[in-house]
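Colleague: Starting from these lines, generate the structure:
(chains A and B)
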Amino acid sequence: MPPRMLPEPTPETRHFWEGCKEGELRLQRCTDCDGGAYFPPRPFCPKCGSRKVEVFKASGNAVLWSYVINMRPRPDMGTEPYAIAVVKLSEGPTMMTNIVDCPQTPEALQLDMPVKVTFAKQSDDISLPFFQPAGA
Amino acid sequence: MKQKSIAVVGAAETTQMGKIPDVSVIGLHADAALNAMADAGLKPSDIDGVATAGISPVELAHYMGIKPTYADGTQVGGCSFMLHVRHAAAAINEGLCKTVLITHGESGRSRVGAGGFARSPSSLMGQFEMPYGPMGPPTMFTIPVLRYLKARGYTVEDLAQVAVIQREWAAKNPRASFKDPITVDDVLKSDMIAWPFTKLMCCLVTDGGGALILTSADRAKDFPQKPVYVLGTGESVETPMVSQMYDFTHSTAFRISGKKAFEEAGITHADVDHLMIYDAFAHLPLYGLEDLGFCKEGEAAGFIRDRNTAPPKDGKGGGKLPLNTNGGGLSYMHSGMYGMYALQESVRQMRGIAPAQVPGAKISIAHGVGGMFAASGTIVFSNEAP
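Modeller: Below is the predicted model:
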């Protein structure tokens, strides 16, 4: 199996991937407006354009927002069908992820089910944020 | 833009369609361009504006021997050609050029001279989507759909119904890739690609191309073909990542682009005789009917099921809003950036020469999507002289 496709952090996203390595899901928010948390990372507020933004540790709580189950696995993803999911974080933003510790079936993957973040080390530099059923 | 100030005076697709292993990507652009120039009675030296996506306008101009005063390389995916029409209209009205050639060519199936789909792992998509295993549009464009179905109360049968009715249109089109009738059951039982999407809910992958030539309405009267006037236009862009759509239950880009096109055209929905909605996947006509304002939220699936978009059948007349009358990306052809074929079918309908001609159609809309809900473009056409 070829190595899994992994992200290459940029200066603007480094804090996010450093957070994942340290077991923290890091989001950003504006300190000039009440635009709320945003994702993916960028050094300014997408609501008001202010550069006065801060990084904070998110709760890691989310709900399963939508997904597909890919029946033709990408070569670096193994041989079994897997869900490509989007979760809605309790802070507001959506993010793509995989749902782990859960059968990859429509029956097990119910929209709006609570999930929580878990981190899986992929390399010295990268840990990926996955989500698992909140009760798991 | 000023209504009916610009017209399509040349329009053609590639000579062949479907599987064309002996023509490269740029060859498909050129074949379509030459066909459109023949249609308009023009030579390359008559063209002073070029626009294309997939290849650069530099490649197109040099390959065709055109020395333009206007070049547009807008590349926002499959609706790029709607944006090219819009920009060309503005350019001609502003005097930047007189006659614009817009081309598309793609060796989607045979991959002759075609580039790859590699994404840099440091791009936003490379960092925040690709690590989770998406493999092209069937696993990405489809991601918002379970949320959409739940919010609207639609079912997978509603998705299947879209493909069934478009196949009815394709049966009337000799150039369509798939013409045999299908049922909802056939669609649901076809191979599962990315649950809940089966193969027949996904577009074809074919080779082909198309080209348009636009000029001012004043000059259009002197061309051999019946001019097709541009009545209104819209465009917008939304997100490079489907996971970051503003709302999974509607396309913000569709709404902005559609609203602008209707406003520019000065028409109401009841004025529209014919509609094309780019259907890379079966959910797009549902989103399109709602986001363009033809249906209220939650009513698009029933609108299609009740045959409002369908051709005549079993002695009953066709629906009031004929949709995707070439068979669409699901059954006609889809080389990768299908927007050009939606425009071509609108032009054929306005010229009165479509294989499944809508009798007496006077206003047609071609609405496109680019990327995975990344972008949108909308063109309103009319065949009535200003």
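
Colleague: quick one: strands adjacent to the longest strand anywhere in chain A?
Modeller: Ranked by residue count, the top strand of chain A under DSSP state E comes out as strand A:61-70. Sheet pairing here is set by DSSP bridges, and for strand A:61-70 it gives strand A:82-89 (antiparallel), strand A:114-121 (antiparallel), strand B:192-195 (antiparallel).

Colleague: May I ask you to confirm that residue B:289 is in contact with residue B:276?
Modeller: No. No contact is recorded between residue B:289 and residue B:276 when judged using CB atoms under 8 Å, the distance being 12.0 Å. (Each C-beta comes from the backbone N, C-alpha and C, glycine too.)

Colleague: With neighbour numbers in mind, choose between these two.
Modeller: A side-by-side neighbour count of residue B:289 and residue B:276, using other CB atoms under 10 Å in any protein chain shown, places residue B:276 first with 29 against 24.

Colleague: Quick check: bridge partners of the more buried one?
Modeller: Per DSSP bridges, residues listed as beta-bridge partners of residue B:276: residue B:366.

Colleague: Quick check: residues of chain B near chain A?
Modeller: B:120-122, B:124, B:126-135, B:139-140, B:142-148, B:150, B:191-197, B:241, B:243-244, B:248 (CB under 8 Å from any CB of the partner chain).

Colleague: Using ChimeraX, make a named selection holding only the buried ones among those residues.
Modeller: Applied in ChimeraX, the following selects the buried portion of the residues of chain B next to chain A according to 16 or more other CB atoms under 10 Å in any protein chain shown:
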select /B:124,126,127,128,129,130,131,132,133,134,135,139,140,142,143,144,145,146,147,148,192,193,194,195,196,197,241,243,244,248
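
Colleague: can you give me the helices in chain A?
Modeller: Along chain A, the segments classed as helices by DSSP state H run A:14-21.

Colleague: Buried residues in the longest strand of chain A, which are they?
Modeller: For strand A:61-70, the neighbour count (16+ other CB under 10 Å) marks A:61, A:62, A:63, A:64, A:65, A:66, A:67, A:68, A:69, A:70 as buried.

Colleague: Same check on stretch B:280-294?
Modeller: Within stretch B:280-294, the residues that count as buried by 16+ other CB under 10 Å are B:280-292, B:294.

Colleague: Turn the residues you listed into a markdown table, including distance to residue B:168.
Modeller: As requested, the buried residues of stretch B:280-294 are exported to a markdown table (distance: CB to CB, whole Å):
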| residue | distance to residue B:168 |
| --- | --- |
| B:280 | 19 |
| B:281 | 18 |
| B:282 | 14 |
| B:283 | 19 |
| B:284 | 18 |
| B:285 | 14 |
| B:286 | 17 |
| B:287 | 21 |
| B:288 | 18 |
| B:289 | 17 |
| B:290 | 22 |
| B:291 | 24 |
| B:292 | 22 |
| B:294 | 19 |
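
Colleague: Inside helices: which ones of the residues you listed?
Modeller: B:284, B:285, B:286, B:287, B:288, B:289, B:290, B:291.

Colleague: just curious, which of the residues you listed is nearest to chain A?
Modeller: For those, the closest approach to chain A (CB to the nearest CB) belongs to residue B:287, at 13.7 Å.

Colleague: pLDDT at the closest one, what is it?
Modeller: Among the per-residue scores, residue B:287 holds a pLDDT of 98.

Colleague: give the contact list for residue 57.
Modeller: Since you didn't name a chain, this refers to chain A. If a contact means CB atoms under 8 Å, 6 or more residues apart in numbering or on different chains, then residue A:57 has A:19, A:24, A:25, A:26 as its contacts.

Colleague: I was after chain B.
Modeller: For residue B:57, the contacting residues are B:50, B:51, B:68, B:71, B:72, B:73, by CB under 8 Å, 6+ apart.

Colleague: can you check residue A:97 too?
Modeller: A:85, A:86, A:87, A:129, A:130, A:131, B:132.

Colleague: do residue B:132 as well
Modeller: Residue B:132 makes contact with A:84, A:85, A:96, A:97, A:98, A:128 under the criterion CB under 8 Å, 6+ apart.

Colleague: again, 6 Å this time
Modeller: The neighbours of residue B:132, taking CB atoms under 6 Å, 6 or more residues apart in numbering or on different chains as the test, are A:84, A:96, A:97, A:98.

Colleague: Against residue B:139, how distant is it?
Modeller: 10 Å (CB to CB, to the nearest Å).

Colleague: Just the closest residue of the stretch 251-386 of chain B to chain A, please.
Modeller: residue B:281 (10.8 Å).

Colleague: and that residue, what pLDDT?
Modeller: In the predicted model, residue B:281 carries a pLDDT score of 97.

Colleague: surely it meets residue B:141?
Modeller: Yes. Distance between residue B:281 and residue B:141: 5.4 Å, which falls inside the contact criterion (CB atoms under 6 Å).

Colleague: Please list all residues in contact with the residue located most distally from the centre of chain A.
Modeller: When distances are taken from the C-alpha mean of chain A, residue A:32 lies farthest, 25.4 Å away, according to CA atoms, centre = their mean. Applying CB under 6 Å, 6+ apart, one finds that residue A:32 lies in contact with A:50, A:52.

Colleague: Which pLDDT value goes with it?
Modeller: As summarised for this prediction, residue A:32 has a pLDDT of 93.

Colleague: likewise residue A:9?
Modeller: pLDDT, the model's per-residue confidence, is 94 for residue A:9.

Colleague: And residue A:104, by the same measure?
Modeller: As predicted, residue A:104 sits at a pLDDT of 98.

Colleague: contacting residues for it?
Modeller: Each residue near residue A:104 by CB under 6 Å, 6+ apart is listed here: A:69, A:81, A:82, A:83.

Colleague: if I look at the nearest residue to residue B:3 once chain neighbours are set aside, how far off is residue A:66?
Modeller: Of all residues beyond its chain neighbours, the one nearest residue B:3 is residue B:231 (5.5 Å), with distances taken as CB to CB, 6 or more residues apart in numbering or on different chains. Summarising the geometry, the distance separating residue B:231 from residue A:66, computed by CB to CB, is 36 Å.

Colleague: near chain B, which residues of chain A?
Modeller: Within chain A, the residues that sit near chain B (CB under 6 Å from any CB of the partner chain) are A:5-8, A:10, A:13, A:40, A:65-66, A:68-71, A:74, A:77, A:82, A:84, A:86, A:94, A:96-98, A:111, A:128.

Colleague: what about 8 Å?
Modeller: When proximity is defined by CB under 8 Å from any CB, chain A lies next to chain B at A:4-10, A:13, A:17, A:39-40, A:65-74, A:76-77, A:81-82, A:84-86, A:94-98, A:106, A:111, A:122, A:128.

Colleague: Give me the buried positions along the helix or strand residue B:345 falls within.
Modeller: Secondary structure from DSSP states H and E places residue B:345 in helix B:339-351. By neighbour count, and taking 16+ other CB under 10 Å as the criterion, the buried residues in helix B:339-351 are B:339-351.

Colleague: by contact count, what packs against that helix?
Modeller: Applying 3 or more CB pairs under 8 Å, 6 or more residues apart in numbering or on different chains; DSSP states H and E, one finds that helix B:339-351 makes contact with strand B:6-13, helix B:80-93, strand B:99-107, strand B:207-216, strand B:228-237, strand B:274-277, strand B:363-370, strand B:375-382.

Colleague: Indicate which one of these is closest to residue B:324.
Modeller: Ranking those by their distance to residue B:324 (criterion: CB to CB) puts strand B:274-277 first, at 5.9 Å.

Colleague: how far is the closest one from where the chain is centred?
Modeller: Relative to the centre of its chain, strand B:274-277 is centred 9 Å away, using CA atoms, centre = their mean, to the nearest Å.

Colleague: Can you list the neighbours in contact with it?
Modeller: Counting contacts by CB under 8 Å, 6+ apart, the residues outside strand B:274-277 that touch it are B:284-285, B:288-289, B:292, B:294, B:309, B:321-326, B:328, B:342-343, B:345-346, B:349, B:358, B:361, B:363-367.

Colleague: Surely residue B:345 is in contact with residue B:354?
Modeller: Yes. In terms of CB under 8 Å, residue B:345 counts as a neighbour of residue B:354; the distance is 6.5 Å.

Colleague: Please consider this matter closed, and thank you.
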